[in-house]
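A.B. asks: Here you go, sequence then predicted model.
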Amino acid sequence: MDNFAPYNRPVRAAFIGLGRIYDLNVRGYLDNPDVEVVALVDPNAERRAQRQADWPAAATFESVAQLAASGIEVDAVEALLPAPLHADGVVELLEHGWHVNMQKPMCNDLTDAQRMLDAAKAATRVLRVMDNYLFYQPFHKLKAVVESGEIGAVAGYHLKMVGTGNGGWEVPWSSFEYQLEQIRLGRGILVFDDGWHKLTTALWLFGPVREVRAWIGTTSFGSGIDLDAPSTICWEHVSGVRGVWDITLAPDMYLRSDYYTNDERWEVTGTKGFARLNRVTGRGIQEPSLEVYADGEMRGYHALDDDWASSFRDSGRYWLRWLRTGEGPLLWSAGEAVDVLRFALAAYESSAAGGIGVDPAKVV
Ligand SMILES: NC(=O)c1ccc[n+]([C@@H]2O[C@H](COP(=O)([O-])OP(=O)(O)OC[C@H]3O[C@@H](n4cnc5c(N)ncnc54)[C@H](O)[C@@H]3O)[C@@H](O)[C@H]2O)c1
C-alpha cells in the first residue's frame with residue numbers, strides 16, 4: 001500500500017478466532033514490544049476463557065460486530081477464522097478499518113479474491129496472507145544454497161507429501177468440520193488447504209509459473225471424507241525450471257510430529273548436486289532437516305531452527321515489525337496470494353480436462 005503510515009507506538013491488535021492454530025500464531029505476539037493485544041474474539045466461550053489466560057488485560061467478545069461496537073481502538077487483527085469464512089470475514093474486518101494478517105488459503109475463487117483486494121483498497125488497509133513456510137529456517141537455507149550455485153544451475157525440483165494418518169497433535173472435530181465444508185466446495189485438504197503452502201514455496205523459490213498439468217485423485221473414507229490423493233501436479237516456471245509434486249496417502253502410517261502429521265520433502269536438483277529439505281511439520285526419521293550433496297560429498301545441516309512453530313513466531317514478528325516500519329516485502333501480499341490461488345485453480349482446471357497444460361494467468 002503506497003500511503004501506509006507506520007505506527008510509532010506498539011500496534012493495538014486483536015485475535016479473531018482462537019482455535020487450534022492460535023497456539024502457534026500467538027508466538028509472534030508473546031513478549032513482543034511491537035504489539036499490545038487489546039481484544040480476543042471467538043463465539044466459543046471455552047476458547048475465550050482459555051486464551052484470556054495469555055492476555056488478562058484484553059477484552060473478549062463473541063463477535064467482530066461486538067468488538068467494533070465496543071469503542072476499543074484496534075489497528076490490526078490476526079484473522080484465524082475457519083477457511084470457509086475467510087472471504088466474508090476478512091472483508092468485514094477490513095471494512096472496520098483494521099489491517100488484516102490472515103491465514104491461507106486466501107479464499108476459494110477469484111471473485112472472492114477480488115472482493116478482498118477491493119475491500120483493502122477501499123479501506124486503505126493492508127491485507128497480508130501470511131505463509132509461515134516462508135519463515136521456516138531450513139527453507140531459507142535451501143534458497144541460499146540454490147542461489148549460491150553450490151549445486152550448479154537448477155535442473156528441476158520435486159516436492160513429496162505423504163498424508164500420514166497417525167501421530168501429531170489433537171485436532172478438534174469442529175476444525176475438521178470446516179475442512180469437510182471445503183471438501184464439498186471442491187477445495188481439498190491436501191491439494192488446496194495444506195497444498196497452498198507448497199504452491200507458495202514454489203513461487204517464492206523459483207518465480208512465476210506459466211503452465212500447470214495435474215491429475216488429482218480421490219480416496220474416500222465415507223461420510224463425505226474424500227481426500228484429494230493420489231495426486232500429481234507438475235508445472236513449468238517462466239524461467240523454464242520444472243517442478244513436480246506428488247501427494248500420497250498413508251492412512252496407517254505413524255509419523256512423529258508435535259503438530260500436524262505429514263511426511264514431506266523438497267528436493268532441488270542442480271546440474272552438479274542436489275539440496276534436500278527433509279521435513280517441515282513432522283519429525284519423522286531423525287535426519288538433518290537440510291542435506292546438500294555436491295562433488296561427491298553430503299553436508300547435513302543439524303543446527304537449523306527446524307521447529308515448525310518457530311516459523312509462525314517469526315512470521316508474526318515480521319508482520320508486527322512491518323507495521324512499525326513499513327519496510328520490506330509483506331511475505332506475502334494479497335496480490336501474491338492471488339497468484340497462489342491461480343496456481344491451484346490451474347491445477348483443478350488441468351485435472352478436470354484430463355491433464356492438459358493450463359496457464360495460471362488465464363484461469364477465470
Ligand atoms: N499456517 C498453517 O500452517 C495453518 C495450519 C492450520 C490452520 N491454518 C489456518 O488457520 C485458520 C484457523 O484454523 P484452525 O485450525 O485454528 O481452526 P479451528 O476450527 O481450530 O479454529 C477456528 C476458530 O474460529 C472460531 N470462529 C468461528 N467463527 C468465527 C467468527 N465469525 N468470528 C470469530 N471466530 C470465529 C471458532 O469458534 C474456532 O475457535 C484457517 O484459516 C486455517 O486454514 C493455518
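C.D. replies: Good, I have the coordinates.

A.B. asks: going forward, measure contacts between C-alpha atoms and count neighbours the same way
C.D. replies: OK.

A.B. asks: could you measure residue 28 against the ligand, distance?
C.D. replies: Separation of residue 28 from the ligand (Cα to the nearest ligand atom, to the nearest Å): 13 Å.

A.B. asks: Pretty sure that residue sits against residue 321.
C.D. replies: No: using Cα atoms under 8 Å, residue 28 makes no contact with residue 321, being 10.4 Å away.

A.B. asks: Is the residue nearest to residue 168 when sequence neighbours are not counted bridged to anything, and to what?
C.D. replies: Spatial nearest neighbour of residue 168, chain neighbours left out: residue 257 (4.4 Å); criterion: Cα to Cα, 6 or more residues apart in numbering. Beta bridges link residue 257 to residue 282 when assigned by DSSP bridges.

A.B. asks: Could you tell me how many residues sit around residue 257?
C.D. replies: Residues lying near residue 257 (other Cα atoms under 10 Å) number 19.

A.B. asks: what residues are up against it?
C.D. replies: Listed by Cα atoms under 8 Å, 6 or more residues apart in numbering, the contact partners of residue 257 are 167-169, 281-284.

A.B. asks: among these, which ones are buried?
C.D. replies: 167-168, 281-284 (16 or more other Cα atoms under 10 Å).

A.B. asks: Tabulate these in TSV, adding columns for distance to the ligand.
C.D. replies: Below are the buried ones among the contacts of residue 257 laid out as TSV (distance: Cα to the nearest ligand atom, whole Å):
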residue	distance to the ligand
167	16
168	13
281	9
282	12
283	15
284	18
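
A.B. asks: So what sits opposite residue 243 in the bridge?
C.D. replies: Beta-bridge partners of residue 243, counted by DSSP bridges, are residue 157, residue 235.

A.B. asks: Double-check residue 182 against residue 190; I have them as touching.
C.D. replies: No: in this structure residue 182 lies outside contact range of residue 190 using Cα under 8 Å: 11.2 Å.

A.B. asks: dump the residue contacts of residue 242.
C.D. replies: So residue 242 contacts 155-157, 234-236 (Cα under 8 Å, 6+ apart).

A.B. asks: What residue, apart from its backbone neighbours, is nearest it spatially?
C.D. replies: Spatial nearest neighbour of residue 242, excluding adjacent residues (Cα to Cα, 6+ apart): residue 236 at 4.4 Å.

A.B. asks: Just list the residues touching that neighbour, thanks.
C.D. replies: Neighbouring residues of residue 236 by Cα under 8 Å, 6+ apart: 209-212, 242-243.

A.B. asks: pLDDT at it, what is it?
C.D. replies: Per-residue pLDDT puts residue 236 at 98.

A.B. asks: Now residue 345. Its backbone dihedrals?
C.D. replies: When read as degrees, to the nearest 10, the backbone of residue 345 gives phi -60, psi -30.
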